[in-house]
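Asks: below: sequence and its predicted model.
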Amino acid sequence: MRLHRLEVTAFGPFSGTEEIDFDALSDAGLFLVQGRTGAGKTSVLDAVCFALYGQVPGVRNRAKGLRSDHAAPGAAPRVVLETTIRGRRLRLTRSPEWERPKMRGSGTIREHHKVLLEEFRHGGWTGVSNRIDETGDLVGDLLGMSAVQFCQVAMLPQGEFAGFLRAKADERRKVLEQLFATEVFANVEKWLADRRAATGRATAELAARAASIADRVAEATGA
């Protein structure tokens with residue numbers, strides 16, 4: 001997966017609209033996200049995760065809302081992420097659930113979680129899905145990881161990696177197999193184990209036949 005551009009509006013600590021050009025940053029290879037406490041470093045990663053999966057890592061996902069408390073009353077929270085996954089250039093636009101002021105009168109109206117998944121084809125953006133479940137399934141299939149697994153292996157600054165290290169061996173194995181595509185090695189290991197078992201059975205059968213023949217020869221010769 002390669003990130004190209006991230007745009008956040010009224011999300012987390014960002015009251016307005018902020019844009020990050022990851023292509024410009026990655027031209028030099030590795031880059032560092034740094035800043036003072038509260039500057040929004042974690043929220044940048046949260047925005048990436050939210051765009052992909054519709055949720056953020058850890059306990060922050062159980063927060064009442066992802067909309068910025070500092071945004072203007074009618075400003076809609078939104079995250080836009082352009083990324084390439086397995087050769088497919090995608091653009092995900094998500095808005096978390098939030099309470100907006102009524103157009104008439106007082107009070108608020110709840111706006112539900114919305115998503116739009118587009119793919120760049122033939123020189124333009126083409127709509128793929130606006131369903132939350134369908135988009136989640138497609139992203140999960142392309143990345144080969146669930147939201148929990150993605151947070152464990154990709155969102156290292158969130159502290160989730162410590163949970164991955166403490167996980168049971170079977171859980172870590174499944175994540176690593178998906179992350180590094182180790183299925184081919186697992187298949188070779190299984191094939192070798194099956195061949196060893198089959199060879200062992202064949203050897204035992206031949207030994208039993210040889211012993212049976214030796215017994216009959218001994219009977220016939222009186223030895």
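Replies: Cool, got the structure. Numbers count the residues shown, from 1 in each chain.

Asks: low-confidence stretches in this structure?
Replies: Scanning the chain for pLDDT under 70 picks out 58-64, 155-164, 175, 178-181, 223.

Asks: name the residues that touch the top strand by length along it?
Replies: Determined from DSSP state E, the single longest strand within the chain is strand 2-11. Strand 2-11 is contacted from outside by 14, 16-23, 26, 43-44, 47-48, 50-51, 66-68, 71-72, 75-84, 89, 96, using C-beta atoms under 8 Å, 6 or more residues apart in numbering. Every residue, glycine included, has its C-beta placed from N, CA and C.

Asks: if you look at those, which of them are in helices?
Replies: Phe22, Asp23, Ser26, Ser43, Val44, Ala47, Val48, Phe50, Ala51 (DSSP state H).

Asks: quick one: those as a markdown table, columns for distance to Asp137 too.
Replies: What follows is those, written out as a markdown table (distance: C-beta to C-beta, whole Å):
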| residue | distance to Asp137 |
| --- | --- |
| Phe22 | 25 |
| Asp23 | 27 |
| Ser26 | 28 |
| Ser43 | 26 |
| Val44 | 25 |
| Ala47 | 21 |
| Val48 | 19 |
| Phe50 | 17 |
| Ala51 | 16 |
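
Asks: circling back: put the alpha carbons of the longest strand of the chain into CSV.
Replies: Coordinates of each C-alpha in strand 2-11 appear next as CSV, following Å, rounded to 0.1, in the frame of the first residue of the first chain:
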residue,chain,number,x,y,z
ARG,A,2,1.2,3.5,-0.8
LEU,A,3,-0.4,6.7,0.5
HIS,A,4,-0.7,9.6,-2.0
ARG,A,5,-2.8,12.3,-0.4
LEU,A,6,-4.8,12.9,2.8
GLU,A,7,-7.3,15.6,3.5
VAL,A,8,-9.0,16.1,6.8
THR,A,9,-11.8,18.5,7.6
ALA,A,10,-13.3,19.1,11.1
PHE,A,11,-11.7,15.8,12.3
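
Asks: for it, buried residues please.
Replies: By neighbour count on 16 or more other C-beta atoms under 10 Å, the buried set for strand 2-11 is Leu3, His4, Leu6, Glu7, Val8, Thr9, Ala10, Phe11.

Asks: for the fifth one, give its distance to Ala75.
Replies: Distance of Val8 to Ala75, given as C-beta to C-beta, to the nearest Å: 12 Å.

Asks: returning to what we had before: of the ones in helices among the contacts of strand 2-11, closest to Gln149?
Replies: Nearest to Gln149 among these: Val48, at 15.0 Å, using C-beta to C-beta.

Asks: how much space separates the closest one from Gly87?
Replies: On the measure of C-beta to C-beta, Val48 and Gly87 end up 19 Å apart.

Asks: more neighbours: which of those two?
Replies: With neighbours defined as other C-beta atoms under 10 Å, Val48 and Gly87 compare such that Val48 has more, 24 against 6.

Asks: if anything else comes up later, I'll come back, but that's it for now.
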